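Novice: A structural model of the following input is requested.
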Amino acid sequence: MRPINPRNRAAAFSLCGNLLVSDDAAYGKGLKMSAISEFNAAANADTESEHQVQLGLLQNLCDSIQERSDPASIAKILDELIDYSEAHFVSEELLMRMKSYDDYEDHVADHEQMLEALRGIAAIHTEDHSSLAVAATTEALAFIRKHIATRDQRFSDMVQKGL
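Specialist: Purely as a prediction, here's the structure:
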């Protein structure tokens, strides 16, 4: 597992806050099917809202770079996007592990590719290569949209079915 930024550690487990809803939560015994169904629904809702935040930050970054906004503002958006993405990916990966998800490795590889792309955009921005940053950011937005529509949707469908 990749290292996570310490300030994201608490946010990284947002999807698992209600996992142990049972008579004996200390030992994880007695988890009822209704609690599992509620957890699955809550996990999907949380993940979807996290995707919307992530896409919003990425779109804001695209717009700011294309409009040649203040470099400090762009850097701030990049930092927020990278931190948020790290936390979101770790929480999603934790949920996948808990569900013994069969596509875990490929899904995580997408997350790693996305974080690498975001860090690359940050490096391009630092070096003031605006035209390269526009192309890289547009490509990252397309990649994450496809990821959400395919890999995340497949996982969401599995969770929804209670598997």
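Novice: what's residue 61 in contact with, if anything?
Specialist: 74, 77, 78, 81, 121, 137 (Cβ atoms under 8 Å, 6 or more residues apart in numbering). C-betas here are computed from N, CA, C, even on glycine.
Novice: how many residues are close by residue 107?
Specialist: 21 (other Cβ atoms under 10 Å).
Novice: how close does it sit to residue 146?
Specialist: 13 Å (Cβ to Cβ, to the nearest Å).
Novice: with residue 110 instead?
Specialist: For residue 110, the distance to residue 146 - Cβ to Cβ - is 9 Å.
Novice: same question for residue 51.
Specialist: Counting by Cβ to Cβ, the separation of residue 51 from residue 146 is 12 Å.
Novice: same question for residue 100.
Specialist: In this view, residue 100 and residue 146 are 25 Å apart by Cβ to Cβ.
Novice: those two: which has the busier surroundings?
Specialist: Taking other Cβ under 10 Å, residue 100 and residue 146 do not tie; residue 146 has more neighbours (12 against 8).
Novice: next structured bit after the helix or strand where the more buried one lies?
Specialist: Per DSSP states H and E: residue 146 is located in helix 130-147. Downstream of helix 130-147, the next assigned helix or strand under DSSP H and E is helix 153-160.
Novice: now that next one: buried residues?
Specialist: Using 16 or more other Cβ atoms under 10 Å as the test for burial, helix 153-160 gives 155, 156, 158, 159.
Novice: ok so, going back, of the contacts of residue 61, closest to residue 90?
Specialist: Of all the contacts of residue 61, residue 90 sits closest to residue 81, with 15.0 Å by Cβ to Cβ.
Novice: if I read this right, the closest one contacts residue 59, doesn't it?
Specialist: No: using Cβ atoms under 8 Å, residue 81 makes no contact with residue 59, being 10.2 Å away.
Novice: neighbour count winner among the two?
Specialist: Neighbours around residue 81 and residue 59, counted as other Cβ under 10 Å, are more numerous at residue 81. The numbers are 22 against 13.
Novice: what's the spacing between that one and residue 114?
Specialist: 10 Å.
Novice: okay, now residue 111: neighbour count?
Specialist: Other residues close to residue 111 by other Cβ under 10 Å number 20.
Novice: which residues does the helix or strand hosting it contact?
Specialist: Residue 111 belongs to helix 104-126 when elements are defined using DSSP H and E. For helix 104-126, the external contacting residues (Cβ under 8 Å, 6+ apart) are 2, 61, 65, 71, 74-75, 78-79, 81-82, 85-86, 89, 92-93, 96-97, 101, 132-133, 136-137, 139-140, 143-144, 147, 151, 155.
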